[in-house]
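Chemist: this one's structure only:
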DNA sequence: CAAGCGATTGGCT
DNA sequence: GCCAATCGCTTGT
């Protein structure tokens, strides 16, 4: 294999690293693996390589759920680093964050996209189950829902924050679990050398126009771009 | 208690 | 490009 480009130093996925600086933590999470053990109907171990994340930093960040101070929904954002913050958006989609920053300071990294490394069939099944659970149209026409999912290439099963959460079966009940605990059913693990290949692009965060131009334009979205794709303009991981 | 609104996605024009 | 889906959380009366 041609190691043409200089490789980034392996990101350290320690709690200390996640607790220090959220922008550094976001880059450390890129290329790491999201792992879900078999269970809850899934026979396979699911593993994904994280390729897109966003940082939300402090109560002053007008795009962050922490902007109103601690509330029942966002309370884990104010806790220690490495914990999962899971919320429901638009009444149907779950999103998974890794809490970052010092204990007491509200910050998190939203996991926006992952590429399957193992267990893609289980991810597909979980996507379908989630669709059936949350969309009346899919309950009314299960065949159409199944056909839609059948047409999704493996590589796209976990692209997008709600698709990532659905592929890994993440739900609100996982809010507060420790993603750095090896005994957690869902957790982060260091990426293999190949997982880390590529370069990091920073762009504005997606879907946060409500925060106003100053905050919406901050380049706090990070995408791990394969070297082969570096030719053109800004990449979309989806 | 009422009401407005999403850190998104999928379907349709 | 536009828009509906769908409901928990937050705020205001």
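Modeler: Great, that's in hand. The structure presented is a predicted model; accordingly, all values stated were derived computationally and were not measured.
Chemist: Quickly find the element holding residue A:108.
Modeler: Using DSSP states H and E, residue A:108 sits in strand A:107-118.
Chemist: hmm, the top helix by length along chain A touching DNA strand C?
Modeler: Assignment by DSSP state H gives helix A:120-134 as the longest helix of chain A. Yes: residues of helix A:120-134 contacting DNA strand C under C-beta under 7 Å from any atom of the strand: residue A:134. The way it works is simple: take the backbone N, C-alpha and C, and place the C-beta from them, glycine included.
Chemist: Run through who's touching that helix.
Modeler: The contact list for helix A:120-134 (C-beta atoms under 8 Å, 6 or more residues apart in numbering) reads A:38, A:41-44, A:46, A:48, A:92-94, A:116, A:138-139, A:142, A:145-146, A:148-150, A:152, A:154, A:157-158, A:163, A:166-169.
Chemist: Filter those down to just the ones in helices.
Modeler: Cross-referencing the contacts of helix A:120-134 against helices under DSSP H gives A:138, A:139, A:142, A:145, A:146, A:148, A:149, A:150, A:163, A:166, A:167.
Chemist: Just the buried residues from these, in ChimeraX please.
Modeler: Buried subset of those, written as a ChimeraX selection, criterion 16 or more other C-beta atoms under 10 Å:
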select /A:138,145,149,163,166,167
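Chemist: Kindly identify which of the ones in helices among the contacts of helix A:120-134 also come near DNA strand B.
Modeler: The subset of the ones in helices among the contacts of helix A:120-134 within reach of DNA strand B, counting by C-beta under 7 Å from any atom of the strand, consists of A:148, A:163.
Chemist: Could I get the ones in helices among the contacts of helix A:120-134 in JSON lines, plus columns for pLDDT and distance to residue A:190?
Modeler: Shown next, in JSON lines, are the ones in helices among the contacts of helix A:120-134 (pLDDT from 0 to 100; distance: C-beta to C-beta, whole Å):
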{"residue": "A:138", "pLDDT": "97", "distance to residue A:190": "36"}
{"residue": "A:139", "pLDDT": "97", "distance to residue A:190": "39"}
{"residue": "A:142", "pLDDT": "97", "distance to residue A:190": "39"}
{"residue": "A:145", "pLDDT": "98", "distance to residue A:190": "36"}
{"residue": "A:146", "pLDDT": "98", "distance to residue A:190": "35"}
{"residue": "A:148", "pLDDT": "97", "distance to residue A:190": "34"}
{"residue": "A:149", "pLDDT": "98", "distance to residue A:190": "30"}
{"residue": "A:150", "pLDDT": "98", "distance to residue A:190": "33"}
{"residue": "A:163", "pLDDT": "98", "distance to residue A:190": "24"}
{"residue": "A:166", "pLDDT": "98", "distance to residue A:190": "25"}
{"residue": "A:167", "pLDDT": "98", "distance to residue A:190": "21"}
